[in-house]
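In: okay, sequence plus prediction incoming.
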Amino acid sequence: NKAVIFKKYAVGYPVADEHFEYVTEREVSYDLRDGEVLTRNLFVSLDPYLRARMRGPEETALFGRFPIGEPLDNHAIGEVVASKNPAVPVGSVVVGYLRFEEYTHVPAGHRLTIIEGARESKLPLSVNIGALGMPGFTAYGGLLIHGKPKAGETLYVSAASGAVGQLVGQMAKTLGLRVVGSAGSDEKVAYLLNELKFDAAFNYKNSDILTSLKTAAPEGINIYFDNVGGHHLEAALEWMLPRGRVVICGQIGDYNTANPPGVRNLFVCVPKEISIQGFKVNNFSDELKAQFKKDVSEWLLSGKIIYREDITVGLENAPSAFIGMLKGKNFGKATVKIADL
Ligand code: NDP
């Protein structure tokens with residue numbers, strides 16, 4: 001059984017050979033007890049929060065730490081190849097937390113959800129851990145519940161070409177908002193403008209963020225969907241209109257920095273009555289999830305929204321693809337393909 005093993009806690013950017021190990025002969029037991037299943041894994045998702053799971057004991061554990069010496073795990077898609085759980089028979093295609101390995105022996109009680117119609121769907125299978133999975137739900141719930149968008153308002157989203165950002169911007173457009181995005185390359189900016197039809201976009205690497213924001217949204221912004229933190233958040237607060245809303249989705253700009261400088265202008269929240277709300281996607285309701293699945297499937301199938309994925313082929317390439325994603329080398333949702341269905 002091939003697997004990617006977690007080797008060492010990280011400070012700063014992880015390094016593929018130092019923090020991970022790709023092994024090819026790890027044992028997997030085919031001997032199943034009641035309730036257990038064996039999956040043949042097809043896709044694993046690469047998400048920024050995995051970096052937080054690499055924090056050592058000297059840092060606060062924000063999400064469960066990866067156990068050293070064990071394979072990484074995350075949202076993934078697999079095919080059930082052996083089963084002692086009647087709810088997920090052999091042949092089911094499932095989504096759930098699986099390990100970065102070829103085959104996963106899934107314990108009894110572990111939640112796996114069958115992807116109905118997986119073999120016939122017009123959408124790529126990988127979309128179930130992208131636009132129709134955790135990042136999609138993050139964009140949908142974060143925008144609708146916490147952004148409280150209203151037609152005619154202006155929204156700014158950072159990391160706008162990524163897994164979450166590209167959906168936030170497109171969803172806001174469908175609701176009648178004016179949308180501004182920032183991203184880390186001219187190619188990504190062109191994608192935001194030409195393919196996703198954002199109203200304005202800029203490359204934060206070759207311009208001053210606040211100056212660009214003022215040019216892109218001369219009237220100011222009502223909502224900032226924060227994926228990055230730091231200087232992006234500072235600029236957004238500075239240029240926010242009274243009663244604006246900041247949705248703190250994530251702050252990837254700080255994840256690989258030991259002592260991030262922080263945000264220096266929070267005081268503007270007082271005179272402008274700005275609200276700042278963080279959230280965790282796992283805490284949205286099941287009702288919202290059902291509505292999200294329905295809406296986003298329809299929008300993807302009708303072409304109302306599009307979704308770009310950045311798929312790396314081969315489990316052995318997962319560590320470098322993950323580190324690449326943290327550094328902005330991904331263009332779209334970062335995913336690793338392990339095998340064909
Ligand atoms: P992306 O697909 O957007 O990939 C990460 C991107 O972050 C990179 O491509 C890069 O894009 C950008 N980035 C990396 N470093 C920096 C930096 N120093 N400054 C500015 N941009 C940087 O990831 P996701 O869409 O999966 O995640 C986006 C955010 O959403 C993250 O902060 C993540 O933690 C958060 N999140 C939060 C959830 C929640 O429940 N609250 C759930 C899921 C995600 P570029 O080239 O544009 O720099």
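Out: Happy to help now that I have it. Numbering: from 1, shown residues only.
In: what about the spatially closest residue to Arg308 that is not a sequence neighbour, how many neighbours?
Out: Nearest residue to Arg308, sequence neighbours excluded (Cβ to Cβ, 6 or more residues apart in numbering): Gly332, at 3.3 Å. All C-beta spots, glycine's among them, are computed from the backbone N, C-alpha and C. By the criterion of other Cβ atoms under 10 Å, Gly332 has 17 neighbours.
In: try Gly56
Out: So Gly56, with other Cβ under 10 Å, has 12 neighbours.
In: give the closest residue to it in space, chain neighbours not counted.
Out: With sequence-adjacent residues excluded and distances taken as Cβ to Cβ, 6+ apart, Gly56 is closest to Tyr9, at 3.2 Å.
In: just list the residues touching that neighbour, thanks.
Out: By Cβ atoms under 8 Å, 6 or more residues apart in numbering, the contact set of Tyr9 is 54-57, 65, 68.
In: and the top helix by length along the chain, what does it pack onto?
Out: What stands out as the longest helix in the chain, according to DSSP state H, is helix 286-302. For helix 286-302, the packing partners by 3 or more Cβ pairs under 8 Å, 6 or more residues apart in numbering; DSSP states H and E come out as helix 134-141.
In: mind pulling up the phi and psi values for Ile114?
Out: Dihedral pair for Ile114: phi -70, psi 130, per degrees, to the nearest 10.
In: please list all residues in contact with the closest residue to it other than its chain neighbours.
Out: Closest residue to Ile114 apart from its sequence neighbours, by Cβ to Cβ, 6+ apart: Ser92 at 4.9 Å. Listed by Cβ under 8 Å, 6+ apart, the contact set of Ser92 reads 79-80, 83, 112, 114.
In: cool, and Thr312?
Out: Taking Cβ under 8 Å, 6+ apart as the criterion, Thr312 is in contact with 318, 321, 334-337.
In: can you check those and name whichever has the most neighbours?
Out: When neighbours are counted by other Cβ under 10 Å, Thr335 leads these with 28 neighbours.
In: for that residue, phi and psi?
Out: Phi and psi for Thr335, reported as degrees, to the nearest 10, are phi -140, psi 150.
In: per-residue confidence for it?
Out: pLDDT recorded at Thr335 is 98.
In: quick one: it and Val313 touch, right?
Out: No - Thr335 lies out of contact with Val313 (Cβ atoms under 8 Å); the separation is 10.1 Å.
In: related to what we said a few turns ago, give me phi/psi at the residue nearest to Gly56?
Out: Dihedral pair for Tyr9: phi -60, psi 150, per degrees, to the nearest 10.
In: measure it to the ligand for me?
Out: Tyr9 is 18 Å from the ligand, where distance means Cβ to the nearest ligand atom, to the nearest Å.
In: wait, what's in contact with the residue nearest to Arg308?
Out: Gly332 neighbours (Cβ under 8 Å, 6+ apart): 161-163, 166, 307-310.
In: in helices only, show me those.
Out: Judged by DSSP H, those include Gln166 as members of helices.
In: can you flag the buried ones in the contacts of Gly332?
Out: 161-163, 166, 307-310 (16 or more other Cβ atoms under 10 Å).
In: surely Val80 is within a helix?
Out: No - under DSSP: H, G, I helix; E, B strand; the rest coil, Val80 falls outside any helix and is assigned strand.
In: which residue is the nearest non-sequential neighbour of it?
Out: Leaving aside its sequence neighbours, Val80 sits nearest to Ser92 (Cβ to Cβ, 6+ apart; 4.5 Å).
In: spell out which parts of this structure neighbour the ligand.
Out: Residues of the chain found near the ligand (Cβ under 6 Å from any ligand atom) are 47-49, 135, 138, 159, 161-165, 183-185, 188, 227-228, 249-253, 279-281, 325, 328, 330, 333-334.
In: one more pass at 5 Å, please.
Out: By Cβ under 5 Å from any ligand atom, the part of the chain that sits against the ligand consists of 48, 135, 138, 159, 162-164, 183-184, 227-228, 249-250, 252-253, 280-281, 328, 330.
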